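Colleague: Curious how this folds, go ahead:
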Amino acid sequence: MSRLLFAVALFAAPSALLPAAERNIVFFITDDESPTLGCYGDPVAASPAIDAVAADGTLFKNAFATTASCSASRSVVMSGLHNHTNGQYGHQHDDHKFSSFANVVSLAMPRVLAAAGYRTAQIGKHHVAPEEVYHFETYLKGNGRNAVQMAEQCRKFLTDTSDDRPFFLYIGTSDPHRGGGKDETSKRELKPDLFGNRPNQGAHDGVQEVFFAPEDVIVPAFLPDTPDTREELAHYYQSCARVDQGVARLVEILKQADLWDKTLFVFTSDHGMAFAGGKTTVYEAGLRVPFIVRNPYEPRRGIVSEAMISHIDITPSLLDFAGGLDPDANAPKHWIDPDAFWKDSPVARENRGRKERFRQYHGRSWIPILGDPDAEHHETIFASHTFHEIQMYYPMRVIRDQQYKLIWNIAHGLPYPFASDLWAASSWQAQFRQGEGAPYGQKTVGEYIHRPAFELYDIRIDPHERTNLADDSQHADVLEKYKARLREFQEQMDDPWATKWEYE
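Modeller: Residues are numbered from 1 along each chain as shown. Predicted structure coming up:
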């Protein structure tokens, strides 16, 4: 009789008795954040929660975005395909109006994870299109400037045991993106951006704001060490600290629900910090991102990896963890045929993109190397930039390995265009107003605006990209070798800008 009663109770109240699903996934992506974290050696950053995740996971020291533009980068993150192939070259919103090809549905992150048996949810910054391609089952709402609140908004979804499928949560903060106005308390003529912080040292609800003194921040090599830069960096660091508290709350929720050791946790950013020389460029400060993975099923943790990984690796890696990746084909086991998917839909009747482009991922899974500090991944990283805002046409293509980095500024005859918020930045304007000879990090203002066709850097001895070797006769053979490799890659990826090798 007792066994019968237990069986009846189990059937009647599954949410109270069923254990939480295994192999869950949380993907946490911030907006415009460089590796300014304690675990990356930054002595100023307030990042104890992220540092703790890194200490119990794998920290990648050489992780790269493929483009330093919010929307375009996220389309790569969520498709595993370079922009040349997925079709989303710039911002998705307002006048910019870029979107991915409809046939990307075959490989899109939330679609393939749903096909692999996951319930999916998204909260915060999404910034890709079409929605039908990057579709989540559940859309949660939260203040992107308050990651603590966002974590709380996810609690019900994360702890729901009425559905026995594992979960996939995509959480995207708006911090530390610029915005929220200017700090009018500054005594300087040019007021620093607030980076989403409350004015007058106010606090977001539930957040213990961490304030930074301008004299204490770390000025990266690509920026000028000026009072204006330091004031903006102080606000940037505060915004990053708020993100960390959101990570702390999310980890707390997972632990309370006995989910932490059943959940893959990935932390990264869409690209580098929103300062001229970082965001929208293909310099190291634009492409380098923090990248931390905690896989509770990996026995070797606390790993620091030198392997080069790319944002194109994210979707195939998550799918690999979920058991849905065919490693031989480097494609979903349950591949979605776009012709069948769109057959009865009025959406995407034309310009869906060529079907054959969407049979496999450009990136590959890093799940097998998480426990090996000596493992390699990519020998070569490719990156690109074409648009940010629609008025910012400036195509660049990049090839980089452990020694050399080649940048092709395809529109080098044009002055370098600025994102509206980067142009208005006090850190930039303070130098720009002094004239083109004013210093700006490793360059002058004029050198930043007017760029040569090719930039070649020996990254091994010149990590801050000080010395362009493209016109150095001793590196002529290297230049030609890397130009040929870059062109080969563009043709392989069906990059329309490959035709620019033939004209203009």
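
Colleague: For the stretch 351-500 of the chain, just list every one of the helices.
Modeller: 420-424, 426-432, 445-449, 476-492 (DSSP state H, counting those that start in this stretch).

Colleague: Please convert these to a markdown table, extending it with distance to Val398 and mean neighbour count.
Modeller: No exception for glycine: its C-beta is placed from N, CA and C like everyone else's. A markdown table is the format used below for the helices of the stretch 351-500 of the chain (distance: least, Cβ to Cβ, whole Å; neighbours: other Cβ atoms under 10 Å):
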| stretch | distance to Val398 | mean neighbour count |
| --- | --- | --- |
| helix 420-424 | 19 | 15 |
| helix 426-432 | 23 | 22 |
| helix 445-449 | 17 | 18 |
| helix 476-492 | 8 | 16 |
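
Colleague: of all those, which lies closest to Arg249?
Modeller: Closest approach to Arg249 among the helices of the stretch 351-500 of the chain (Cβ to Cβ): helix 420-424, 28.1 Å.

Colleague: How about the contacts made by the residue most central in space within the chain?
Modeller: Centroid-nearest residue in the chain: Asp270, 2.1 Å away (criterion: Cα atoms, centre = their mean). With contact taken as Cβ atoms under 8 Å, 6 or more residues apart in numbering, Asp270 is in contact with 29-32, 65, 70, 73-74, 77, 289.

Colleague: sorry, back to before: and the helices of the stretch 351-500 of the chain: which comes nearest Lys255?
Modeller: Using Cβ to Cβ, the nearest of the helices of the stretch 351-500 of the chain to Lys255 is helix 420-424, at 37.1 Å.

Colleague: Distance from the chain centre to that closest one, please.
Modeller: Averaged C-alpha coordinates place helix 420-424 at 21 Å from its chain's average position (Cα atoms, centre = their mean, to the nearest Å).

Colleague: where along the stretch 151-300 of the chain do the strands fall?
Modeller: Ranges of strands in the stretch 151-300 of the chain, per DSSP state E, counting those that start in this stretch, are 167-172, 263-269, 291-294.

Colleague: related to what we said a few turns ago, leaving out the residues flanking it, which one is nearest to the residue nearest to the centre of the chain?
Modeller: Ser73 (4.3 Å; Cβ to Cβ, 6 or more residues apart in numbering).

Colleague: Roughly how far does Val133 sit from Glu379?
Modeller: Val133 sits 31 Å away from Glu379, going by Cβ to Cβ, to the nearest Å.

Colleague: So the two - more neighbours on which side?
Modeller: Just comparing Val133 and Glu379: by other Cβ atoms under 10 Å the higher neighbour count belongs to Val133, 29 against 8.

Colleague: Now do the contacts for the closest residue to that one other than its chain neighbours.
Modeller: Among residues not flanking Val133 along the chain, Val105 sits closest, at 4.7 Å (Cβ to Cβ, 6+ apart). Counting by Cβ under 8 Å, 6+ apart, Val105 makes contact with 111, 132-133, 336, 338, 341-342.

Colleague: Now the phi/psi pair for Val105, please.
Modeller: Backbone torsions of Val105, given as degrees, to the nearest 10, read phi -50, psi -30.

Colleague: follow-up on the earlier one: check the contacts of Asp270 and tell me the two furthest apart.
Modeller: Taking Cβ to Cβ, no two of the contacts of Asp270 sit farther apart than Asp32 and Val77, at 14.1 Å.

Colleague: The two: which is more packed in?
Modeller: A count of neighbours by other Cβ under 10 Å puts Asp32 above the other of Asp32 and Val77, at 27 against 24.

Colleague: now the residue nearest to Ala213 when sequence neighbours are not counted: how far from Asn197?
Modeller: Leaving aside its sequence neighbours, Ala213 sits nearest to Ala234 (Cβ to Cβ, 6+ apart; 6.6 Å). Separation of Ala234 from Asn197 (Cβ to Cβ) stands at 10 Å.
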